[in-house]
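[1] How does the following fold in three dimensions:
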Amino acid sequence: MEVDALVYESSYFQELAARGEIHIDLTEPPLARAVHVERRQDSVVPTSVPTSILDATSTSDSGAVSTTASSSSSSSAAGTTLAIATDTSTTLSPTAVSTSISPSVTVVTTPLPSPFDTSIGSNFTVSSCPTFFSNFLSNSTFQSCLPVSLLLQNSNSFFRAERSTTLLTQTLDSACNAPLAICSPLMSNLASQLIADANCGADYKLQNPLVLQAHAGLVAYEPLYRATCLRDSGSGAYCFAEAVTNTTNDADAYPYYTALGLNMPAGASPTCSQCLKDTMNIFAGYANATDQPLASCAAQVDIACGSGFAATDIKAGSVKKNAAMAKGHGSVNVSAGIATIVVLLSYVLVA
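    Got it, this is the predicted structure:
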């Protein structure tokens with residue numbers, strides 16, 4: 001077998017070897033077999049190299065298949081024989097490798113999604129703004145929080161993960177295992193720093209779309225954390241994963257984006273499930289907080305799912321954040337009203 005020694009000596013290969021999933025034979029090679037050559041009577045000298053034969057016949061007790069590459073050839077005429085045999089169960093080399101590989105090896109190497117994983121561009125008023133982005137995105141604590149609120153609009157890798165229930169579930173597992181008591185204050189602090197004059201304040205005032213989206217994602221971290229970590233009581237799957245992978249109704253994903261200030265498309269009718277009702281309940285607990293960019297969708301959901309499915313009697317932006325959080329996340333839902341500044345912000349984001 002012709003192999004590349006560098007591939008088999010890579011750190012990835014050594015990692016598999018350390019776990020016992022690939023076994024490398026590092027023993028000394030056996031002594032070469034004696035080669036006996038006699039001249040053919042017809043004086044014809046062979047001019048071709050023996051054919052390579054791959055045998056996979058022995059199986060270890062653990063079910064692994066031992067693969068041995070050997071080359072042999074023989075030709076005879078009138079009592080004259082030419083025989084060449086080579087045993088290649090030696091150490092790693094470009095031409096001699098002996099391995100024992102388990103029947104199946106599953107290695108997940110896909111990294112978790114990250115926000116702003118494409119270029120953030122250069123459309124900034126001051127250089128301090130992209131510098132601030134770079135600093136908080138590289139912060140290890142921020143990365144460990146894995147904020148879905150920032151992934152929804154600004155992550156190409158998250159968009160790809162949404163195509164696979166498995167990858168999306170793995171992402172949500174990591175995001176939901178992040179400690180809310182640490183991550184929520186961190187996101188609130190970053191939101192305040194983001195719009196400070198020393199960082200992105202000028203661009204925020206000029207309604208730079210990237211800065212507006214980043215601010216909305218940081219502020220809406222907690223409500224979207226709670227909403228995307230909800231599980232379906234029947235299937236046990238994440239409600240958010242079921243919503244975004246539901247190919248029969250694209251509208252199921254829309255309510256989650258309203259937490260970022262985006263209005264649901266007119267006529268959209270998400271599936272009237274318990275997951276939707278619980279999600280609306282969570283958003284209702286934050287609807288009256290002055291700092292939340294939450295856009296109203298309760299009236300639209302109520303029309304689709306029936307009166308009372310989502311309450312519409314909450315006055316948006318009427319309570320300061322701390323009072324709204326103390327109120328909890330009970331049975332009330334997103335109000336039909338919304339503060340003027342939130343409406344203006346949603347129009348900018350949609351545009």
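[2] in the chain, which spans are strands?
    22-24, 52-59, 65-77, 80-87, 99-101 (DSSP state E).
[3] mean confidence for the longest one?
    For strand 65-77, the per-residue pLDDT values average out at 41.
[4] can you pull the pLDDT of the residue lying closest to Asp252 once chain neighbours are set aside?
    Among residues not flanking Asp252 along the chain, Ala243 sits closest, at 3.8 Å (C-beta to C-beta, 6 or more residues apart in numbering). From N, CA and C alone the C-beta is placed, and that goes for glycine too. Per-residue confidence (pLDDT) for Ala243: 95.
[5] ok, now which ones touch Ala243?
    Asp252, Ala253, Pro255, Tyr256, Pro270, Thr271, Cys275 (C-beta atoms under 8 Å, 6 or more residues apart in numbering).
[6] Show the buried residues in the residues you listed.
    Asp252, Ala253, Pro255, Tyr256, Pro270, Cys275 (16 or more other C-beta atoms under 10 Å).
[7] Show me how the protein divides into domains.
    For the chain, automatic domain parsing gives the domain ranges 5-39+49-101, 128-350.
[8] Worst mean pLDDT among those?
    Minimum mean pLDDT among the domains of the chain: domain 5-39+49-101, a mean of 51.
[9] can you count the residues close to Phe116?
    Neighbours of Phe116 under the rule other C-beta atoms under 10 Å: 20.
[10] quick one, what contacts it?
    With C-beta under 8 Å, 6+ apart, Phe116 has these contacts: Phe133, Leu137, Leu150, Asn154, Ser155, Ala214.
[11] Kindly report the same for Phe132.
    The contact partners of Phe132, by C-beta under 8 Å, 6+ apart, come to Gln193, Leu194, Asn199, Cys200.
[12] among these, which are in helices?
    Gln193, Leu194 (DSSP state H).
[13] quick one: which of the contacts of Phe132 is most hemmed in?
    Cys200 (28 neighbours).
[14] pretty sure that one contacts Ser128?
    Yes. The pair Cys200 / Ser128 is scored as a contact, 7.5 Å apart, by C-beta atoms under 8 Å.
[15] Now the common contact residues for those two.
    With C-beta under 8 Å, 6+ apart applied, the contact sets of Cys200 and Ser128 do not overlap.
[16] buried set for stretch 116-130?
    Phe116, Asp117, Ile120, Phe124, Ser128, Cys129, Pro130.
[17] Thr245 versus the last one, what's the distance?
    Relative to Thr245, Pro130 is positioned 34 Å away (criterion: C-beta to C-beta, to the nearest Å).
[18] what's the answer for the third one, then?
    Taking C-beta to C-beta as the measure, Ile120 falls 28 Å from Thr245.
[19] Check the second one too.
    Distance check for Asp117 against Thr245: by C-beta to C-beta, it reads 21 Å.
[20] now the fourth one
    Using C-beta to C-beta, one obtains 36 Å as the distance from Phe124 to Thr245.
[21] ok, Pro115 to Leu137 distance?
    Distance of Pro115 to Leu137, given as C-beta to C-beta: 7 Å.
[22] my bad, should have said Ala196
    17 Å.
[23] Have a look at the two and say which one is more surrounded.
    Leu137 (16 against 12).
[24] Check what pLDDT the closest residue to that one other than its chain neighbours gets.
    Spatial nearest neighbour of Leu137, chain neighbours left out: Phe116 (6.0 Å); criterion: C-beta to C-beta, 6+ apart. On pLDDT, Phe116 comes in at 94.
[25] Quick check: phi and psi on Phe116?
    With angles defined as degrees, to the nearest 10, Phe116 sits at phi 50, psi 50.
[26] cool, and the one 4 residues further on?
    Here is the backbone geometry of Ile120 (degrees, to the nearest 10): phi -80, psi 0.
[27] Would you agree it is in contact with Phe136?
    No. Judged on C-beta under 8 Å, Ile120 makes no contact with Phe136 at a distance of 11.8 Å.
[28] Now do the contacts for Ala161.
    By C-beta under 8 Å, 6+ apart, the neighbours of Ala161 are Pro113, Leu167, Leu168, Thr171.
[29] Please report how far the closest residue to it other than its chain neighbours lies from Ser235.
    Counting by C-beta to C-beta, 6+ apart, Leu167 is the residue found nearest to Ala161 once chain neighbours are left out, at 4.3 Å. As for Leu167, its distance to Ser235 is 18 Å (criterion: C-beta to C-beta).
[30] Those two - which one has more neighbours?
    Leu167 (19 against 11).
[31] ok, now how distant is Ser307 from Lys277?
    13 Å.
[32] got it, and Ser174?
    Distance of Ser174 to Lys277, computed by C-beta to C-beta: 26 Å.
[33] on that earlier part again, find the pair from the contacts of Phe116 with maximum spatial separation.
    Maximum pairwise distance in the contacts of Phe116, criterion C-beta to C-beta, is 13.7 Å, between Phe133 and Ser155.
[34] Compute the first-to-last residue distance for stretch 143-150.
    Stretch 143-150 stretches 11 Å from its first residue to its last (C-alpha to C-alpha, to the nearest Å).
[35] So what touches that stretch?
    112-116, 137, 158, 171-172, 174-175, 178, 182-183, 186-187, 214, 216-218, 220-221, 224-225, 228, 240, 259-260.
[36] same question, stretch 176-188
    For stretch 176-188, using C-beta under 8 Å, 6+ apart, the contacting residues are 141-142, 144-147, 149, 218-219, 221-222, 225, 228-229.
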